[in-house]
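> make a model of this:
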Amino acid sequence: MFSPDGQHIAYWICEKKTDGVLIRDGKEVRRYGLTNNSLGHDIVFSPDSKHVCCWVGLWNGIVWDWVLVVDSTEGSKYDSWQAPLSNVVFDSPTRFHYVVTKRGKSGLDIYLVEEALK
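All right, here's what the predicted structure looks like:
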């Protein structure tokens, strides 16, 4: 994924068959080790190209758990009964939103999550 200003690139790589690594401009941002089969997807840059985020799926042996990584920091975590339903969308350089699901009493509930970077 290229940044909006065209000066940066970010991508997810798999090493040693089970290590998952988020890379930005050729440097490691965040690594998930051998104990977690991991899957990174939906990499997005902020409009000013200063921040990068990525959904990371962590296999717990039965289903995927999800965490949103922003820059090198793990953000919101969603266990196996919640899942990201959309890409992250930035509203400004420091505000973004996304949609997640959660199993409720009457079926699947859908939530809009809005966050801000500090």
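> give me the neighbour count for Ser49.
15 (other CB atoms under 10 Å). The C-beta positions use only the backbone N, C-alpha and C, and glycine is treated the same way.
> then Glu15?
With other CB under 10 Å as criterion, Glu15 counts 11.
> also Asp19?
When neighbours are counted by other CB under 10 Å, Asp19 comes out with 15.
> how close does it get to Val67?
Note on Asp19: its distance to Val67, by CB to CB, to the nearest Å, is 16 Å.
> kindly report the same for Pro93.
22 Å.
> those two: who's more crowded?
Val67 (19 against 13).
> how about that one, secondary structure?
strand (DSSP: H, G, I helix; E, B strand; the rest coil).
> strands along this structure, start to end?
10-15, 19-24, 27-32, 37-45, 52-59, 64-70, 73-78, 82-84, 89-90, 95-104, 107-116 (DSSP state E).
> pull the contacting residues for the residue nearest the centre of the chain.
Nearest to the mean C-alpha position of the chain, by CA atoms, centre = their mean, lies Trp55 at 1.8 Å. Shown in contact with Trp55 (CB atoms under 8 Å, 6 or more residues apart in numbering): Gly40, His41, Asp42, Trp66, Val67, Leu68, Val69, Pro84, Val88.
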